[in-house]
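A.B. asks: the sequence and its predicted three-dimensional model are supplied below.
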Amino acid sequence: MGKVGIFTLERAPLAAAPQDGEIAVEGRIETRRVIGEPERPLHLWIHRLAPGAAICWQAPSIGRVVFLWEGAARVNGARFSGDSAVVVEHRAHCRIEAGPEGCTLLEFHERDANAAAGAGGCVHALGAAQAPRFDMPVGRMAVFADGGCPTCRLWLHENGFDGAHRSPRHSHSEPEIIVCKQGRMNFGAVELERGGVLATGSLRAKRCRCS
């Protein structure tokens, strides 16, 4: 769990779309498994949906957060575009359908079903303008899910920095997946650009520098 991993969205291996009774797909979808090793506590998938294609979660045993990486989509009939996110709690039902130009989704979830907390059953969809935003000394934060929901403990937030920023050496009390959305992020000697992914566990990390 303490191992740091570096991944890339574009280089992730192709994987069969899940068809396990909890998830169903409609139309043409390209799925890649970015992080899915058994020892990893958090997993990440990227789904590219052709126009009109859809993914349906049908009361899954594990909740997930889905980020609209590219394009536009309808979430249970409501249209979303840009920096939108969808929280699909365990035991919830959600259908995301790609718009006329298709869309790309990032799907994050925990590895174990027994990690689910709360009653579940709800879907929360937030557009870019709906997510609460906070000023930081070096930039801004948008919070899509803060772990304090009464029916789940899912978390997703976005940080944006004004120019270069160096994070001091620190440790994480929970496993975490960080995706570089724009600009560059340096982790030690490794430089990540858009689509680069950093996965950490509960460990002391190296310094990070973002620009």
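C.D. replies: Thanks, I have it. Residues are numbered from 1 along each chain as shown.

A.B. asks: am I right that A54 is in contact with A98?
C.D. replies: Yes - counting by Cβ atoms under 8 Å, A54 touches A98, with 7.0 Å between them. No exception for glycine: its C-beta is placed from N, CA and C like everyone else's.

A.B. asks: more neighbours: those two, which one.
C.D. replies: A98 (26 against 16; other Cβ atoms under 10 Å).

A.B. asks: picking up where we left off before, quick check: neighbours shared by A54 and A98?
C.D. replies: Residues touching both A54 and A98 (Cβ atoms under 8 Å, 6 or more residues apart in numbering) are G27.

A.B. asks: can you point out the buried residues in stretch 180-196?
C.D. replies: Neighbour counts over stretch 180-196 (16 or more other Cβ atoms under 10 Å) mark C180, K181, M185, N186, F187, L192, G195, G196 as buried.

A.B. asks: can you give me the end-to-end span of it?
C.D. replies: Stretch 180-196 has an end-to-end distance of 5 Å (criterion: Cα to Cα, to the nearest Å).

A.B. asks: tell me how far that stretch lies from the chain's centre.
C.D. replies: 16 Å (Cα atoms, centre = their mean, to the nearest Å).

A.B. asks: what's the answer for stretch 132-143, then?
C.D. replies: On Cα atoms, centre = their mean, the centre of stretch 132-143 falls 18 Å from that of its chain.

A.B. asks: which parts of it are buried?
C.D. replies: A142, V143.

A.B. asks: repeat that for stretch 22-33.
C.D. replies: For stretch 22-33, burial by neighbour count (16+ other Cβ under 10 Å) applies to I23, V25, I29, T31, R32, R33.

A.B. asks: repeat for stretch 94-106
C.D. replies: The neighbour-count check on stretch 94-106 (16+ other Cβ under 10 Å) flags C94, R95, I96, E97, A98, G99, G102, C103, T104, L105, L106 as buried.

A.B. asks: before we move on, what about stretch 104-115?
C.D. replies: Per 16+ other Cβ under 10 Å, stretch 104-115 contains these buried residues: T104, L105, L106, E107, F108, H109, E110, R111.

A.B. asks: A strand includes the fourth one, no?
C.D. replies: Yes - the assignment for E107 (DSSP: H, G, I helix; E, B strand; the rest coil) places it in a strand.

A.B. asks: in terms of helices and strands, where is the residue nearest to it when sequence neighbours are not counted?
C.D. replies: Among residues not flanking E107 along the chain, W45 sits closest, at 4.4 Å (Cβ to Cβ, 6 or more residues apart in numbering). Following DSSP states H and E, one finds W45 within strand 42-49.
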